[in-house]
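Chemist: curious how this folds, go ahead:
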Amino acid sequence: MPSNSDELTSQHATAEQHGADFMDLLVGAPDALVAVDRAGVIRYINRRAQSLFDYERDDLVGRSIETLVPDSIRPAHPAHREAFFARPEIRRPEPDREVTTEPPAVVSRCLRGRRRDGTEFPVTLSLSRVDTDDGPLVIAAVCDLTDRENTKDMRDWMNRLAAMVEFSKAANIHIRPDDIVTSWNPAAERP
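Modeler: Numbers count the residues shown, from 1 in each chain. The predicted model follows:
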């Protein structure tokens, strides 16, 4: 029959294995993941987060999460963080929601990240709380929206260009290299 000390050792080993399994899960995640304790200290980042924010692991672990937050939002960020720890529900991305002056518990997360060189980029965040032996952590899954924002900018530019062509007083006709007319504006229809 196993002794109590054997049972405790077995439970400790199981807890350590679960922690290692959890960290292995974070390493393989497709999104950038950052784990932060209640004090706002970064406790873990995965490789995708290192690449996204342009930091090495050792440059971030142990530093404040505000390192990755734009300067304009940095002063208010600790209140948002504390509000989340006080009311830890899962928060999913809301990319179109703007930061408001509402109380911190209901204000959206910072929707821009800050790289090592100070450049900012658009992000969505999904936040969830995980209880560990060392206390609660918030895991932020960070998704870079730069490509989506660039696509939106291109679409906006194309829409403006189309409007300019549509309402231009000059005739605009698009002809393919094989001499097929594919489009024209109303001015091209006038005599």
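
Chemist: give the burial count for the residue nearest to Ala171 when sequence neighbours are not counted, as a bare number.
Modeler: Closest residue to Ala171 in three dimensions, ignoring its sequence neighbours and counting by Cβ to Cβ, 6 or more residues apart in numbering: Ala188, at 3.8 Å. Placement of C-beta: from N, CA and C, glycine included. For Ala188, the count of nearby residues is 15 (other Cβ atoms under 10 Å).

Chemist: contacting residues for Ala188?
Modeler: By Cβ atoms under 8 Å, 6 or more residues apart in numbering, the contact set of Ala188 is Ala171, Asn172, Ile173.

Chemist: stretch 118-126 - what's its average pLDDT?
Modeler: Per-residue confidence for stretch 118-126 averages out to 89 on the pLDDT scale.

Chemist: likewise for stretch 43-63?
Modeler: Per-residue confidence for stretch 43-63 averages out to 94 on the pLDDT scale.

Chemist: all strands of the protein, in order?
Modeler: Listed in chain order, the strands of the chain (DSSP state E) span 32-37, 42-45, 112-114, 120-132, 135-144, 173-175, 181-184.

Chemist: the third one pairs with which strands, and in what direction?
Modeler: Which is strand 112-114. Strand partners for strand 112-114, identified by DSSP bridges, are recorded as strand 120-132 (antiparallel).

Chemist: can you give me the angle the partner strand makes with strand 32-37?
Modeler: When axes from the mean of the first three to the mean of the last three Cα atoms, to 10 degrees is applied, the directions of strand 120-132 and strand 32-37 differ by 50 degrees.

Chemist: flag every buried residue along strand 120-132.
Modeler: Using 16 or more other Cβ atoms under 10 Å as the burial criterion, the residues of strand 120-132 that qualify are Phe121, Pro122, Val123, Thr124, Leu125, Ser126, Leu127, Arg129.

Chemist: helix or strand with the lowest mean pLDDT in the chain?
Modeler: Within the chain, no helix or strand scores below helix 4-27, which has a mean of 52 by mean pLDDT, DSSP states H and E.

Chemist: what's the domain layout of the protein?
Modeler: Taking automatic domain parsing as the domain assignment, the record places the domains of the chain at 30-144, 149-189.

Chemist: which of these is buried the deepest?
Modeler: Sort the domains of the chain by mean neighbour count, taking mean count of other Cβ atoms under 10 Å, and domain 30-144 sits at the top with a mean of 16.
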